[in-house]
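Peer 1: give me a model of this one.
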Amino acid sequence: MSIPVTLEALHREIDQRASVVFLLSVGSDGRPHCVQLTVTVEGVGRLLVRRPGRGTLANVAERPLVSLLWPPTEPGGYSLIVDATAGGVE
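Peer 2: The predicted structure follows:
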């Protein structure tokens, strides 16, 4: 089931969840790459991902379309999945 969320509601949803998130990117071989990172809201429509590794940085530099996944906060709850474009990669 997919439930659309506005940007304002997205910020509230993120605030109610743990700051740890799974970032899914795509490697050069086309396979998914998943890492656990810390994310903070940095303004409307912007999230700051802390300490990505070299593999993740290489993936998003070449293929900036990513997904962020917050697991459910309770048994039977919903995951929060945000499709995003990575930018400002350093």
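Peer 1: so which strand or helix has the most centrally placed residue in the chain?
Peer 2: In the chain, the C-alpha nearest the mean C-alpha coordinate belongs to Leu68, at 2.2 Å (C-alpha atoms, centre = their mean). Using DSSP states H and E, Leu68 sits in strand 65-70.
Peer 1: in its sheet, what does that strand sit against?
Peer 2: Here strand 65-70 is paired, per DSSP bridges, with strand 20-26 (antiparallel), strand 80-85 (antiparallel).
Peer 1: name the residues that touch the lengthiest strand in the chain?
Peer 2: Scanning the chain for the longest strand, with DSSP state E as the assignment, gives strand 32-41. With contact meaning C-beta atoms under 8 Å, 6 or more residues apart in numbering, strand 32-41 is reached by 11, 14-15, 19-27, 47-53, 55-56, 59, 68. Where C-beta positions appear, they are placed from N, C-alpha and C, glycine not excepted.
Peer 1: now with 7 Å, please.
Peer 2: 11, 14, 19-27, 47-53, 55-56, 59, 68 (C-beta atoms under 7 Å, 6 or more residues apart in numbering).
Peer 1: give me the contact list for the very next helix or strand once past it.
Peer 2: Using DSSP H and E, the helix or strand that follows strand 32-41 in sequence is strand 47-50. For strand 47-50, contacts defined as C-beta under 7 Å, 6+ apart pick out 23, 37-42.
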